[in-house]
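*Asks:* Any chance you could fold what I've pasted below:
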Amino acid sequence: MEKNEQGNNEKFPEIAPGQFALLQCEFTTGIVLNREGKYLTRHKDESYIVFDSFSDTLEFINNRQFKNIEYWIYDFKGELKHEKSVPPD
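*Replies:* Next comes the predicted model:
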């Protein structure tokens, strides 16, 4: 399977205009993480988290206490709209 523009093998989710998809990766390795911020388990986990608004997506990111993580927010077209990095201590 070929990697998509977001750098993983999962198909980008079909989302409606106004919705946003969040992708999380480990900062130091670039490994894509699942919804809980842990390493993906093949064929079991989904990596994208879909939100109904950009502000909900930012709120989710800002409420997480994880370190060593990168976040990418994509719109319904799959275009990168925002990114945030939280390096390790």
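*Asks:* most centrally placed residue in this protein?
*Replies:* residue 23 (0.8 Å; C-alpha atoms, centre = their mean).
*Asks:* any idea how far that residue lies from residue 54?
*Replies:* Counting by C-beta to C-beta, to the nearest Å, the separation of residue 23 from residue 54 is 15 Å. Where you see a C-beta, it was placed from the backbone N, CA and C, and this is true even at glycine.
*Asks:* quick one: contacts of stretch 14-25?
*Replies:* Outside stretch 14-25, the residues within contact range by C-beta atoms under 8 Å, 6 or more residues apart in numbering are 6-8, 12-13, 31-33, 37, 47-54, 56-57, 60-61, 69-76, 78, 81.
*Asks:* Straight-line length of that stretch, end to end?
*Replies:* 20 Å (C-alpha to C-alpha, to the nearest Å).
*Asks:* chain center to that stretch, what's the gap?
*Replies:* What separates the centre of stretch 14-25 from the centre of its chain is 8 Å, taken as C-alpha atoms, centre = their mean, to the nearest Å.
*Asks:* ditto for stretch 69-89
*Replies:* Put simply, stretch 69-89 sits 6 Å off its chain's centre (C-alpha atoms, centre = their mean).
*Asks:* Just the CA trace of that stretch, in PDB.
*Replies:* Taking Å, rounded to 0.1, in the frame of the first residue of the first chain, the C-alpha atoms of stretch 69-89 are listed here in PDB:
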ATOM      1  CA  ILE A  69       4.100  14.700  19.900                       C
ATOM      2  CA  GLU A  70       3.200  16.500  16.700                       C
ATOM      3  CA  TYR A  71      -0.300  17.400  15.600                       C
ATOM      4  CA  TRP A  72      -1.600  18.100  12.100                       C
ATOM      5  CA  ILE A  73      -5.000  19.400  11.300                       C
ATOM      6  CA  TYR A  74      -6.500  18.800   7.800                       C
ATOM      7  CA  ASP A  75      -9.700  20.200   6.300                       C
ATOM      8  CA  PHE A  76     -12.200  18.100   4.300                       C
ATOM      9  CA  LYS A  77     -10.100  18.400   1.200                       C
ATOM     10  CA  GLY A  78      -7.100  16.900   3.000                       C
ATOM     11  CA  GLU A  79      -5.200  20.200   3.000                       C
ATOM     12  CA  LEU A  80      -3.000  21.000   6.000                       C
ATOM     13  CA  LYS A  81      -4.500  23.900   8.000                       C
ATOM     14  CA  HIS A  82      -2.500  23.900  11.200                       C
ATOM     15  CA  GLU A  83       0.300  22.100  12.900                       C
ATOM     16  CA  LYS A  84       1.700  22.100  16.400                       C
ATOM     17  CA  SER A  85       4.700  20.400  17.900                       C
ATOM     18  CA  VAL A  86       5.300  19.500  21.600                       C
ATOM     19  CA  PRO A  87       8.900  18.300  21.900                       C
ATOM     20  CA  PRO A  88      10.100  16.100  24.700                       C
ATOM     21  CA  ASP A  89      11.500  17.700  27.800                       C
END
